[in-house]
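Chemist: take this sequence and fold it.
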Amino acid sequence: MHRRTFLQSIAAAAVLPAVPAAFARQAGSPEWGAPVFDLHFHMRPQVASNLAHLDGAGVTKANLLTRNGTLDQVKALQAAAPGRFTWFNSYDVSQPDAEQVLTQAIKQGAQGFGEIKYHVAADGPELRRAYALAAELRVPILVHFQEVDHFPNEGTWSTGYAKTFESILKAYPKTTFIGHADAFWANVSADYHNEAAYPSGPIARGGLTDKWLGDYPNLFGDLSANSGNNAMSRDASFTADFLTRHQDKLFFGSDCTCSDGHGGGVSQANNPAASRLAGKCVARETLTVLKKSVPAPVFKKITWDNIHKLLQIPA
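Modeler: Here you go, the predicted model:
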């Protein structure tokens, strides 16, 4: 979420009260019938604003996606709500010190790389260095794949997914990849050809992402944002089958920018292509889709168990 500044969220957070004791403990009666771990949660500037979204959406824990230089913020949030936050770190992979900076983040407690979202090719040398480093350090790498601009001159990110990423999965078998965003999720359908950021209509079976999740043990899927929600909302029969078949390879994530876990403030960072979720909490919308699509044990895997297993932490 490279372009998102959360200016509206900051303004909303300014009027939030000090963090009450209730914010610093996990919910005893999960709203969703099971506890929920949000893999894709971009850290907000104030402690209270982070917790307001989690508690508003009925989310128990979250994995913070951070930029380099925010260690003090991470520590403050973890201290305010013990046990509720893990974190990944991201840094511009085109910079010569990227490997050094990312390695240092892992030493400081980060448990993965992400969100990796830069204007480079998915099979280019910049990302190849990051893939190799993730394998060396035995941490996952969460990558944003996008081939279609959301607005003029936005640019594309980790390009070439459909054409080149299978070769990457083969070349880096010890790297744990977590796929995310438009190109990753649009390619659950076999008829996708980069014609739209968020295609609609029934899913054509046999899409690349669906196939690769089954074929490669090192590929996982992050269900966050409009991209994941859209893919799971297009075709109910496909969704139920897809989630069941890949129940061990998928993680719930929100990538939501609303302020309160109920759609307040700005949703999807004013992304014009994601207007279908304007005024809604992406976390709530996606959890609702998951809840109605799969039995309770599968829902719990996707929203809780799989993430703990990935990060090798107790549930």
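Chemist: please count neighbours and contacts with C-alpha atoms only from this point.
Modeler: Will do.
Chemist: this structure: helices as residue ranges?
Modeler: 7-13, 47-57, 71-80, 98-107, 125-137, 161-171, 182-186, 208-215, 225-233, 236-245, 282-293, 296-300, 306-311 (DSSP state H).
Chemist: bridged to A121, which residues?
Modeler: Judged by DSSP bridges, the bridge partners of A121 are T159.
Chemist: how many other residues sit next to it?
Modeler: By other Cα atoms under 10 Å, 19 other residues sit near A121.
Chemist: tell me the pLDDT at it?
Modeler: What the model reports for A121 is a pLDDT of 98.
Chemist: low-confidence stretches in the stretch 201-315 of the chain?
Modeler: Within the stretch 201-315 of the chain, the stretches with pLDDT under 70 are 268-270.
Chemist: apply 80 and report the result again.
Modeler: The stretch 201-315 of the chain contains residues with pLDDT under 80 at 266-270, 272-274.
Chemist: CA atoms only: put stretch 60-75 into CSV for me.
Modeler: The C-alpha trace of stretch 60-75 is given here as CSV (Å, rounded to 0.1, in the frame of the first residue of the first chain):
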residue,chain,number,x,y,z
THR,A,60,-8.3,-10.4,17.9
LYS,A,61,-4.7,-10.1,16.5
ALA,A,62,-3.0,-8.4,13.6
ASN,A,63,0.2,-8.5,11.7
LEU,A,64,1.5,-5.0,11.2
LEU,A,65,2.9,-4.1,7.8
THR,A,66,5.5,-1.5,8.4
ARG,A,67,8.1,0.6,6.7
ASN,A,68,11.7,0.8,7.8
GLY,A,69,12.2,3.3,10.7
THR,A,70,9.0,2.5,12.6
LEU,A,71,10.4,0.2,15.3
ASP,A,72,9.6,2.5,18.1
GLN,A,73,6.0,2.7,17.0
VAL,A,74,5.8,-1.1,16.8
LYS,A,75,7.2,-1.5,20.3
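Chemist: possible to save the helices of the chain as TSV with distance to S267 and mean neighbour count?
Modeler: What follows is those, written out as TSV (distance: least, Cα to Cα, whole Å; neighbours: other Cα atoms under 10 Å):
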stretch	distance to S267	mean neighbour count
helix 7-13	10	17
helix 47-57	12	22
helix 71-80	23	16
helix 98-107	29	18
helix 125-137	29	18
helix 161-171	26	16
helix 182-186	17	28
helix 208-215	26	18
helix 225-233	10	25
helix 236-245	24	16
helix 282-293	8	21
helix 296-300	24	18
helix 306-311	24	17
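Chemist: and these as JSON lines, adding distance to F251?
Modeler: Listed next are the helices of the chain as JSON lines, based on distance: least, Cα to Cα, whole Å:
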{"stretch": "helix 7-13", "distance to F251": "25"}
{"stretch": "helix 47-57", "distance to F251": "16"}
{"stretch": "helix 71-80", "distance to F251": "22"}
{"stretch": "helix 98-107", "distance to F251": "21"}
{"stretch": "helix 125-137", "distance to F251": "19"}
{"stretch": "helix 161-171", "distance to F251": "19"}
{"stretch": "helix 182-186", "distance to F251": "13"}
{"stretch": "helix 208-215", "distance to F251": "13"}
{"stretch": "helix 225-233", "distance to F251": "10"}
{"stretch": "helix 236-245", "distance to F251": "10"}
{"stretch": "helix 282-293", "distance to F251": "11"}
{"stretch": "helix 296-300", "distance to F251": "10"}
{"stretch": "helix 306-311", "distance to F251": "6"}
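Chemist: between the ones you listed, which one is nearest to K117?
Modeler: Nearest to K117 among those is helix 125-137; the distance by Cα to Cα comes to 10.0 Å.
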